[in-house]
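Enquirer: Have a look; sequence and predicted model below, questions after that.
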Amino acid sequence: MSDRREPSHPPSDPHPALARASGILNAEDRPVRVQLVGALLLGLVLVASGLYLWRRPHASDASTSDPASASASAPALAALSGDAGFAAIVGGGVDAGSSGPVSLSDARILACQDHGSKKTAPDSCDHLAPIEQALSSAINQASSCVSGAPGGGTIEYVADVSFARHKVNVSLPRAGRSVHDRKALRACSAAVKGAFQGVALDGVDHQHARYKIAVTATYRGTSNGG
């Protein structure tokens, strides 16, 4: 009877076939996991890009919120209105020292008074800004009235404003002018009175019943290229 000896150590892998099969499956699963991780990363990138594009400020929003878009409304309204007072109030009046054919001084209050013997010093009179601006605008509109007078000169326009009578009258005092051409003076008087005639006193804030407001116009004249 032959002796059959068992190996002293058990085999290192009792199931070598199963081990080989598991290795093959693990090798096949590895590319699948790599693809899943790549797809997940791609999805995160797409989501982040979509959120950025959605939250990004648009140029149209900035343009609609710009407060400077209404800057041209006042000149347009003034151009549509034929009233000299309205155009002066909306357009801001005429700047003194203009380089055009006529330059205007600031409006001055010569007098203000009420019924009775009480008198108010001119420096203590309140200003009628709408009337002052309307007078300056009327003079500026009639700037060509001295075009025929050589050398130009100055003309003082005085607006006599009566809230009691609800009337406004414009005069050209002799002492306040250096233009002596009668034709030019008549043309300037008629043009300024015509442009100033439509000024309304309703709604104008005032502290006294009557005012005298003066504006001096300096005309360049034809000899200076006017």
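Expert: Looks like it arrived, so ask away.

Enquirer: what's residue 173 in contact with, if anything?
Expert: Neighbouring residues of residue 173 by CB atoms under 8 Å, 6 or more residues apart in numbering: 156, 158. For the C-beta atoms, the positions are set from N, CA and C on the backbone; glycine is no exception.

Enquirer: Just the pLDDT for it.
Expert: The model reports residue 173 with a pLDDT of 95.

Enquirer: again, but for residue 137
Expert: 94.

Enquirer: mind listing the helices in this protein by residue range?
Expert: Using DSSP state H, the helices found in the chain span residues 16-55, 59-64, 73-80, 84-91, 129-141, 182-196.

Enquirer: Flag the shaky bits of this protein, pLDDT-wise.
Expert: Applying pLDDT under 70 to the chain flags residues 1-34, 51-99, 148-149, 221-226.

Enquirer: Repeat the analysis, applying 90 as the threshold.
Expert: The model of the chain has pLDDT under 90 over residues 1-101, 115-119, 144-152, 176, 180-181, 195-200, 202-203, 220-226.

Enquirer: Show me how it divides into domains.
Expert: 17-54, 83-224 (automatic domain parsing).

Enquirer: okay, the ones you listed, which one's buried deepest?
Expert: By mean neighbour count, with neighbours taken as mean count of other CB atoms under 10 Å, domain 83-224 ranks first of the domains of the chain at a mean of 17.

Enquirer: Give me the nearest residue to residue 161, chain neighbours excluded.
Expert: Leaving out its chain neighbours, the residue that sits closest to residue 161 by CB to CB, 6 or more residues apart in numbering is residue 211, at 4.5 Å.

Enquirer: quick one, what contacts that neighbour?
Expert: By CB under 8 Å, 6+ apart, residue 211 lies in contact with 109, 111, 112, 125, 128, 131, 159, 160, 161.

Enquirer: and if we set it to 7 Å?
Expert: With contact set as CB atoms under 7 Å, 6 or more residues apart in numbering, residue 211 has these partners: 109, 112, 125, 128, 161.

Enquirer: Which members of those residues are the farthest-apart pair?
Expert: 125 and 161 (11.3 Å; CB to CB).

Enquirer: quick revisit: which one of the contacts of residue 211 sits closest to residue 38?
Expert: Nearest to residue 38 among the contacts of residue 211, with distances taken as CB to CB, is residue 128, at 80.9 Å.

Enquirer: okay but that closest one is in contact with residue 204, surely?
Expert: Yes - applying CB atoms under 7 Å, one finds residue 128 in contact with residue 204, separated by 5.9 Å.

Enquirer: Nearest spatial neighbour of residue 122, chain-adjacent residues omitted?
Expert: residue 109 (5.2 Å).

Enquirer: Contact partners for that neighbour?
Expert: 122, 125, 127, 211, 213.
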